[in-house]
Every structure is written in structure tokens, then in C-alpha cells.
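**Q** Output the structure for:
(2 chains)
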Amino acid sequence: MSPASAPAVRARAVLPGFRLTLGTTVLYLSIIVLIPIIALVLTGAGIGPGRLWAIITAPRTLASLRITITAAAIATVINAVYGLLMAWVLVRYRFPGRRLLDALMDIPFALPTAVAGLSLTALYSANGWFGAVLEPLGLQIVYTLGGIVLAMSFTSIPFVVRAVQPVLEELDPALEQAAASLGSRGFTTFRRVVFPAIMPAWLGGVTTSFARSLGEFGAVVFIAGNLPFKTEIASLLAYIRLEEYDYEGAAAIALVLMVLALVLLFVSNMVQLRAARYGAVTA
Amino acid sequence: MPHDRKGKPPMTIEITQMTRSFGKTAVLRGIDLTVADGELVALLGPSGSGKTTLLKIIAGLDWPDAGRLTVDGTDWLKLDAQDRRIGFVFQNYALFPHMTVRDNIAFGLTVRPKAERPSRAEIRRRVDELLGFLQIGALGDRHPAQLSGGQRQRVALGRALAIEPTVLLLDEPFGALDAAVRRDLRQWLRGVHDATGTTTIFVTHDQEEAFELADRVVVMDHGRIVQTGDAATIHDSPATPFVADFMGASIQLPVTVQGGRLAAPGLDADHLPARLPDGPARLFVRPEDLTPVPDPGGPWTVASVSNTGAHLRLVLSDAAGTEIPADLRRRSPRAAQIAPGMRVNLRPEHASVFPAETA
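**A** Purely as a prediction, here's the structure:
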């Protein structure tokens, strides 16, 4: 019998409901995420390039962007180091209270950012627990860049910890044993074997942490003091513009923040893709 | 040949009275073992017998609770894993996934302190040499994820050999490979051992693998060494009922010893030696060593016959409902006489006898 004479068989999907579930997901994603972003881009485009440039390069906008990016960068460096350490401690050691510490790591996610901002301000103000010690030493945190950094790292630290933790847990202990039998010790093993394996996840967490810090609003406004040119962050300035019915000004600043965040996400995904190609993520 | 054995000190491994427990579970219960320089030894046993733990202790990846481990007179329990110069091949190979094959093999050389580290050119030369020796010359720039199981095995061995190890340890080296690749690599590993002369210990639960590859097989059970010897000794004269069973003598028949003779209903075992005092005993037989002899008065009945091509696989049963297997070569004259439903006596061609279990 020639193959042509055999009746054609239509393949049936083993898992039903693909169209319905995908349709719902795409619709939801569009309403919640995609359409607002497009609206923002359209508003930005409506402003016209000349006016857009003028808003962005206005001294107050530039100052707020510089403050935001500087604070977010410092907060991210702190989170990158401390988050990695925290994940290491949670995964590699067994000690009483480990589960509690692990659960505490979610507080910055769960806590309303305004609450975080309020309590940080209370702690670090001149008559707060920490402030009472630090201010006589000449270290003022509240109403300074330091305060902004503090609020930003508080709200975004879990991104790094939670990104690194599962990958570190999955890391095959035989890799480190192999390194040891080949003569490699402590930090060399970490640098040459462990870190390359967790690097993509870590970098992903660090980038998300940076993106989140750029946009952090609730926690920062309480502790920053919000002095234009000194401690005024970009998202606050956008909010102020909106309050002044200056929609174009608000949209232009928001657009800059969005482009920054998207570029970061893109770079992070590229780096992770490159690293994941050879299975560095799943050892 | 990557190494020159001349000038290497002899590496005799001596293990005495070694014990190790994980919590309440005793994993090693007093191990005494000496491995001579250049020997290829297999640690054979079922899972849970403690063989991998013993291997890891020799490598310095685990530590005993008590006992001694000396290599050429040096106390190795005072040395870190890093200072033992062990070539360890892990069960899942544990290749570094983000490094190329070259970088994996070079790892042990590149992590040495600056003063002892060979030059870049020298490392490159040694890696090239190993790639050629392991017949994976074309794979140098690939990553482990791009290799087959057999190729990974070779890379893992190359990485271990690169540091010119004093001892080579392999944990279930062929466990994750399919049968054809296994046989291939076995021959090849034997070749590698003969070429390098490195003292080698490998762990396996596969008796065929152990016998084919090793100079000497060490059988372990429940944290003890139960027998040590070559293939023929262990196969033909198992030291304990466990070894007999583990070596494939899966049929147990209750017998009685009387004046140096074995007796049981329907058993033709006069030709077998029975060096046991009179009393109840157990006979251990392999299915292929059991010949059914047709006898209308025999207590065993041929319950079923299935054909595996080379063999006829019989199931024999007695009046009490006991069922035992027997394998006959299909083309043997005996096989032609056998039919289902036939009454037979049993003639074990070869068997081991142990005293009956004292409960």
C-alpha cells in the first residue's frame, strides 16, 4: 500500500485547553501590563521630541534622575553582596532559627512600602534608636542620599536572595567535592566552580533589584525629605508633575524610568541566556 | 602514554579497623583492606553495603569515626582531600558545566599555587596529550552538555588523570551508561590502567563488571568485607551465603548432611563435596547449574518452559508449592527430553553448601 492511500490522521493535543488558557493569559497581560505601557509610550510620543528633550534635560529632572540612579546603584551593590551572602547562609548552613530567618526574607515583599518607609524614618531620625547613635557621630541618614539608599535596599533585597537561593540549593555537591579532590580550596572553588554556576541567577536578581530600586516610591518618600536637587527621586517628581496637572512632564519622566528598566531587563535576560546555554544554571 | 611510572613512590593503601556511622546507621563496621601498588581493585556489593563511603573516605571527602588509613606509611587521615592527589571520578561525572572539556581537564593544574603551577604552554601540552590518549581529541572546545554519556566519562577520567594522581578512585564508573557503551569503556579503562599503572579502586554493584575489570574483587555487605579474591574463587567458592546469593546462586534448597554426603528428596548430589558436620544445611545453586533429570518418581514437576533463544527457562515445582528456576542450553541433548508436566529429579552440577540458619 502506498503511503498516499493511507487516511490522514489529525493529531490531538494530549493536554486540553491550550487556546482557552493562552487566550485568557494574553488578554489579562494586555490589560494589566501591555496597554498601560503602550499608553505611556504613546503619550510620550505625543509630546514631540523637542518638548520631551526639554523636559528631560530640565535641571530639576536631571537632578532627580541622577539622585535616583546613584542611590539605586549603591543600593544594588549592597544588595548584590549582602543578598549573595544571605542566600549562602540560608542554603549552606543548618542552625536554629534558619527557617525564621528564611521567612523574614519575605517581609520586604509583603510589607506595604509606606510602612517600611515610616519605620525606617522613625529608627534613623535624630531621636530614633539608630539615629540617636549615628547623628552625634555626624552620620545623618534621614533626609539624605543615605536614607534613599537604605529604603531602596530594604525593599529590593529579597530579589537577590530569592533568585540565588534555589540555584544554590540545586547545585550538585559533587562539583565542589570534585574541585577539592583536584586540589582546589575555599575561595578558589567558590570563584571557579560555585560562582559561575549561580552567576546567571545572581545577575538576574541583581538586575531586578536595580530596576525595582529605580522605581521605588513608597518607602523612599518618607525617609528622603524630598528636597528638589538634593533628595528628590524621579518617580516622586513625576508624581509632583501629575499633581500640577502637567501630564506631559509626568509622562516624560515615567518614560525615562521605563526605558531604563526595560534596557536592564533586556541586558539581564541576554546575560542569563548566554550563561544558560551550557547548562550553567542547572548543574 | 601520559605518565612515567619511573620515580613514582609505591602507593600501598592500608586500611585498618575502619568504622563509620551516619547517625544511628553503621555504614562501615570494621574494614581491613590493603591495596598493593598498581593494583586494580573492585569494591563489589549491593547498595547500602558501604562501598561508596569507603571510597569517599580514601578520597578525603568523608571521615571515619575510627580506624586508620595510611598510604605508603603516611597517615592520610591527617591530610585534606586537596593534599592527597586523588583522582576521583564521580558517579554522575560532576564535570564543571560552564567550562569547556579543555578547561575541565586543565582544572587541577590551573588551581595549583603559582609556584607549583605548570606554564600555560605546559598545561596546554598536557591537556592535548590527554585528549589524544582518551580518544576525545575533537571534543576539546565543547561543553559537557554537548557530550554523550560515554564521552563525559572519558572527560571525567581525563580531568582526574591530569593531576597525575597517586590513586585513582571511581564511583560506579559505568552506572549511567547503556550496555554497549559500558562494555566498550570497560576494555578501555583496563587499557588506561595498564598504560598508566596507577593504583585504582572502583566501586560497582555489577559482578560481571567487577570480575572483567579488576585484578582482585572485594565483596562488601552491610559495612563489612565478606570476601576478597579473584573471579574464579569468589564465583566457585563463595565464603558466605550472602556472597553465594549475590553471585547468582539464587536457588536455596534445604538439605541434610550425613557422613559427608548431601541428601534431600529428589536430589542427586552425591558428586558434590559436603565438608560440614552432620545436620541440616542449605544448598545454593545457580539456575544454569541445575539439571533436571527425568524420573517418573521424581518429586519435582516441570511447571512451565519458556524459550529465551539460547536457553530454555524452566520453572520446577514440588508438592509443597515451592517453585525454583532452572536454565538449560536449548541445544543440549538434555533439553530435548524436557516437556511441561514431566516429573524430574534435580542434579546440581555445581553448588555451595552452608550450615542451616540458626535463628
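**Q** part of a helix, is B:Leu312?
**A** No. Per DSSP: H, G, I helix; E, B strand; the rest coil, B:Leu312 lies outside any helix segment and is strand.
**Q** Just the pLDDT for it.
**A** Listed pLDDT for B:Leu312 reads 87.
**Q** in which helix or strand would I find the residue nearest to it when sequence neighbours are not counted?
**A** Nearest non-adjacent residue to B:Leu312, counting by Cβ to Cβ, 6 or more residues apart in numbering or on different chains: B:Leu328, 4.7 Å away. Every residue, glycine included, has its C-beta placed from N, CA and C. Element membership of B:Leu328 [criterion: DSSP states H and E] is strand B:323-329.
**Q** Can you list phi and psi of the residue of the stretch 251-359 of chain B found nearest chain A for me?
**A** Nearest residue of the stretch 251-359 of chain B to chain A (Cβ to the nearest Cβ) works out as B:Gly309 at 32.4 Å. Note on B:Gly309: backbone dihedrals following degrees, to the nearest 10 are phi 100, psi -70.
**Q** Which helix or strand lies directly C-terminal to the longest helix seen in chain B?
**A** Ranked by number of residues, the top helix in chain B under DSSP state H is helix B:179-196. Once helix B:179-196 ends, the next helix or strand along the chain (criterion: DSSP H and E) is strand B:199-204.
**Q** Now do that following strand: everything it contacts.
**A** With Cβ atoms under 8 Å, 6 or more residues apart in numbering or on different chains as the test, strand B:199-204 has contacts from B:11, B:13, B:35-44, B:51-52, B:55, B:58, B:166-175, B:193, B:210, B:213-214.
**Q** quick one on the thing from earlier: could you list every residue that touches the residue of the stretch 251-359 of chain B closest to chain A?
**A** Shown in contact with B:Gly309 (Cβ under 8 Å, 6+ apart): B:Arg330.
**Q** With A:Gly183 instead?
**A** Applying Cβ under 8 Å, 6+ apart, we find A:Gly183 in contact with B:Gln82, B:Asp83, B:Arg85, B:Gly108, B:Val111, B:Arg112, B:Ile163.
**Q** Out of the residues you listed, list just those in helices.
**A** Residues from the contacts of A:Gly183 lying in helices, with DSSP H as the criterion: B:Gly108.
**Q** Mind putting the contacts of A:Gly183 into TSV with distance to B:Met342?
**A** Putting the contacts of A:Gly183 into TSV (distance: Cβ to Cβ, whole Å) gives the following:
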residue	distance to B:Met342
B:Gln82	67
B:Asp83	67
B:Arg85	63
B:Gly108	64
B:Val111	69
B:Arg112	71
B:Ile163	63
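**Q** and the closest residue to B:Ala36 other than its chain neighbours, how many residues sit next to it?
**A** Once flanking residues are discounted, B:Ala36 sits nearest to B:Thr12: 5.8 Å by Cβ to Cβ, 6+ apart. By the criterion of other Cβ atoms under 10 Å in any protein chain shown, B:Thr12 has 16 neighbours.
**Q** State the phi and psi torsions of B:Thr12.
**A** Dihedral angles (degrees, to the nearest 10) for B:Thr12: phi -90, psi 120.
**Q** Could you tell me the model confidence score at it?
**A** For B:Thr12, the pLDDT comes out at 89.
**Q** I figured it was touching B:Gly38, is that so?
**A** No. Using Cβ atoms under 8 Å, B:Thr12 is not in contact with B:Gly38, being 9.7 Å away.
**Q** hmm, back to that, isn't the residue nearest to B:Leu312 right up against B:Leu314?
**A** Yes. Counting by Cβ under 8 Å, B:Leu328 does reach B:Leu314; the two are 6.7 Å apart.
**Q** Specify the residue ranges that define each domain of the chain.
**A** Here I'm looking at chain A. Residue ranges of the domains in chain A are recorded as A:17-47, A:52-276, according to automatic domain parsing.
**Q** oops, chain B please
**A** Using automatic domain parsing, the domain parsing of chain B gives B:13-241, B:251-355.
**Q** Buried ones among the contacts of strand B:199-204?
**A** For these, a burial check counting by 16 or more other Cβ atoms under 10 Å in any protein chain shown picks out B:11, B:13, B:35, B:37-44, B:51-52, B:55, B:58, B:166-174, B:193, B:210, B:213-214.
**Q** End to end on stretch B:159-170, go ahead and measure it.
**A** The first residue of stretch B:159-170 is 12 Å away from its last residue (Cα to Cα, to the nearest Å).
**Q** does any bit of that stretch sit next to chain A?
**A** Yes. Stretch B:159-170 comes into contact with chain A (Cβ under 8 Å from any Cβ of the partner chain), by way of B:Arg159, B:Ala160, B:Ile163.
**Q** Please tell me which one of those residues counts the most neighbours.
**A** Busiest of those [other Cβ under 10 Å] is B:Arg159, holding 29 neighbours.
**Q** what about that one, which helix or strand?
**A** helix B:149-161.
**Q** could you give the angle of that helix to helix B:179-196?
**A** Interaxial angle, helix B:149-161 versus helix B:179-196 (axes from the mean of the first three to the mean of the last three Cα atoms, to 10 degrees): 20 degrees.
**Q** Run through the chain and note the low-pLDDT ranges.
**A** No chain in the question, so chain A it is. Counting by pLDDT under 70, chain A contains low-confidence ranges at A:1-4, A:276-283.
**Q** Actually, chain B is the one I wanted.
**A** Low-confidence segments of chain B, defined by pLDDT under 70: B:1-10, B:358-359.
**Q** What parts of it come near chain A?
**A** Counting by Cβ under 8 Å from any Cβ, chain B sits next to chain A at B:59-61, B:80-88, B:90-92, B:94, B:96-99, B:107-108, B:111-112, B:143-146, B:159-160, B:163.
**Q** can you tell me which of those residues are in strands?
**A** Mapping those onto strands (DSSP state E) picks out B:Ile86, B:Gly87, B:Phe88.
**Q** what's around the second one, how many residues?
**A** Read that as B:Gly87. Here the number of neighbours of B:Gly87 (other Cβ under 10 Å) works out to 26.
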